[in-house]
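# build the 3D model from these lines:
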Amino acid sequence: MVKQRKQFSWIGSEHTYIDQMDILPLGHMVLGRFGGNSAAGQSKNEDGCLIWLEDKEDWEFVMVLDAHNSAQSAELVISQVENHKKQIASLLSGKVSVSLFKGIENVLLQLFQEDSFKEDCRQVQGETACLIVVRKGKYLYWFSVGDCLLYLFHPELAAFGQYQLNQRHFYEWVGQVNTFAQEAPCYSSGTRELRQGENQILLTTDGLVECPGGIFAEPESIWQECKDTDTAAGVAALLIQNPKKPRP
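Numbers count the residues shown, from 1 in each chain. Next up is the predicted model:
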C-alpha cells in the first residue's frame, strides 16, 4: 500500500515547468503546475506552494505564493511557516470553534511580524503575494496578502453567481516590500461554512485569470471547466488552455 503524502512544498526556481504541465495528486487534493510557454517568452517561474493534510483530524493547510523579481521571497515565506508547523498543527488538532480560527490568524500575524523574519525580508530580492487557506471540518478559513485568488464552487452557490471568496489586492506583498513592516499591516481574512454535498476549493495565482484572451477572467468560466468532472481533469483543463504570458 502506498503511503499518502502528508506534506509537500515546491518553489518554481527548483523546477520551472516551462513547456511542461504537471498534475500531482496529493490524497484527495490535486496540485497543478505549468510555467508557461517558452515560445511566448516565458523563461522563469517564481510561484510556490506549501501543502499539509491530515485526514484523521480532518484538516488541510495550503499556501500558494506568486513572487516576482526572484523566488527568494516565496522560499523565505515557506520556510517561516514551516518553522511554525508544530504550533499550527496543534491548533488544528482541536475542535472547530471561533477560537481555533482566531488562533490560526494570531499565529500567522505573529510569525510574519517576527523581527528576524522582517530582517530576512529586507535582504531578499523581490516580494510575493501569499494566500493561505485552511479547511477544518465543514469550515474554510483564508488569510490573503496580495492578488492570489480563492474560489469555492458548489451548485447551490453557482445558482446565485457566487464563486470567489477573496478579493485581489494590489500593492500588497511580503518580502523586500513588506506589508508586515508597516505600522498597520494590510491583509484580508475570512471564514465560510461549506455547503452540504461536494464543494470544490480552488487556489490559484493571477496567472490563471490574466492568461492571453482572458478566457478565465470571469469565475463562472472556471466553474464551467471544473464542474461535472473529477478534480484532476478540471485542473488539467484549466492549465491546458492557459499559455501564461511572461511578466514585464
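# just the terminal-to-terminal distance for stretch 16-28.
24 Å (CA to CA, to the nearest Å).
# tell me the bridge partners for the residue positioned nearest the centre of the chain.
By CA atoms, centre = their mean, the chain has its centre lying nearest to Val64, at 2.6 Å. On the basis of DSSP bridges, Val64 is bridged to Cys49, Leu131.
# what about it, distance to Thr204?
Distance from Val64 to Thr204, counting by CB to CB, to the nearest Å: 7 Å. (Glycine included, C-beta is placed from N, CA and C.)
# intersection of neighbour lists for those two?
Taking CB atoms under 8 Å, 6 or more residues apart in numbering as the contact rule, Val64 and Thr204 both touch Cys148.
# ok so, going back, correct me, but the residue nearest to the centre of the chain touches Gly146?
No. Counting by CB atoms under 8 Å, Val64 stays clear of Gly146, with 10.3 Å between them.
# overlap in contacts, the two.
130-131.
# tally of neighbours for Gly197?
8 (other CB atoms under 10 Å).
# how about the residue nearest to it when sequence neighbours are not counted, what does it touch?
Of all residues not flanking Gly197 in the chain, His154 sits nearest, at 6.9 Å (CB to CB, 6 or more residues apart in numbering). By CB under 8 Å, 6+ apart, the residues touching His154 are 194-195, 197-200.
# any idea how far Leu203 is from His154?
From His154 to Leu203 the distance is 16 Å (CB to CB).
# residues near Glu14, how many?
Residues near Glu14, counting by other CB under 10 Å, number 12.
# tell me where this protein has helices.
Taking DSSP state H, the helices of the chain run over residues 72-82, 85-92, 98-112, 115-123, 155-158, 219-226, 231-240.
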